[in-house]
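Colleague: Okay, predicted coordinates and the sequence, questions at the end:
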Amino acid sequence: MAEIKRIRCGSENCYLIEKRGRAILIDTGRKGFEEKILNQCKKSRVELIILTHGHIEQVQNAAFLSKELKAPLAIHKSDLEILKDNFREPVSYQGLLGMVVAEVAVKNFEDSVILDFKPDIYLKEGDRLDKYGIDGTVLELPGHTRGSIGVELEKRAIFVGDALMNLFYPGLPMIYCDREAMIKSAERISAIGARRIYFCHGNPADNRTWIRTDY
């Protein structure tokens with residue numbers, strides 16, 4: 001069974017999934033946490049870096065970590081256009097908390113710089129991670145961004161990126177580009193059944209029915 005190591009990077013999480021010395025890294029955090037993430041990763045042989053989507057907190061350290069770890073970068077092709085400019089996709093929200101999160105996100109988009117990089121691998125629904133030593137499957141979970149993806153691990157855990165969030169409470173993402181797709185992705189995760197959910201934002205939680213009546 002693979003070991004899941006949560007790397008806390010301020011309000012975000014990255015995850016190192018390791019089995020028998022081989023590992024993949026999910027997301028790369030913001031500038032300022034790159035050395036912390038690198039030090040954790042040096043304890044294993046990281047063979048792949050997966051970016052769950054193209055927002056700043058997932059990709060800002062991608063170029064640095066890929067170079068240092070000599071590991072390829074993987075993302076869904078639909079998020080390519082937002083890698084250099086997160087404003088290329090609309091930012092919508094619902095409710096007062098959503099408005100606050102959207103304002104913070106927009107400010108981060110304005111103030112942060114993403115070092116230019118080109119992904120090495122484009123992931124899609126059903127791609128397996130066995131070649132990297134991990135019993136995992138890629139899930140397409142659009143809505144937060146068009147190319148949002150997750151990873152199901154050993155039929156016991158799902159790394160959802162920002163397809164779900166646990167900022168103030170576990171639930172749907174506070175911001176999104178496509179509301180209908182976001183809801184469908186949440187319904188899909190619920191339908192998978194008993195799994196531990198690992199968010200980019202917040203503590204892990206058990207899978208459940210994620211759709212609230214106000215959506």
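Modeller: That came in fine, so what should we check first?
Colleague: where exactly do the helices run in the chain?
Modeller: Secondary structure of the chain (DSSP state H): helices at 34-41, 56-59, 62-69, 95-111, 179-192.
Colleague: can you count the residues close to the residue lying closest to residue 194 once chain neighbours are set aside?
Modeller: In this structure, residue 194 finds its nearest non-sequential neighbour in residue 207, 6.3 Å apart by Cβ to Cβ, 6 or more residues apart in numbering. C-beta here means a position set from N, CA and C on the backbone, and glycine is covered the same way. For residue 207, the count of nearby residues is 19 (other Cβ atoms under 10 Å).
Colleague: Check the one 3 residues further on too.
Modeller: Neighbours of residue 210 under the rule other Cβ under 10 Å: 20.
Colleague: how about it, phi and psi?
Modeller: phi -90, psi -10 (degrees, to the nearest 10).
Colleague: circling back to that earlier point, does the residue nearest to residue 194 touch residue 158 like I think?
Modeller: Yes - using Cβ atoms under 8 Å, residue 207 is in contact with residue 158, at 7.1 Å.
Colleague: From residue 197, how far off is the residue nearest to residue 194?
Modeller: Distance of residue 207 to residue 197, given as Cβ to Cβ, to the nearest Å: 5 Å.
Colleague: any residues in contact with both of the two?
Modeller: Common contact partners of residue 207 and residue 197 (Cβ atoms under 8 Å, 6 or more residues apart in numbering): 158, 189.
Colleague: Quick check: neighbours shared by residue 207 and residue 158?
Modeller: 189, 192, 195, 196, 197.
Colleague: pretty sure the last one contacts residue 203?
Modeller: No - the pair formed by residue 197 and residue 203 falls short of the contact definition of Cβ under 8 Å, at 9.9 Å.
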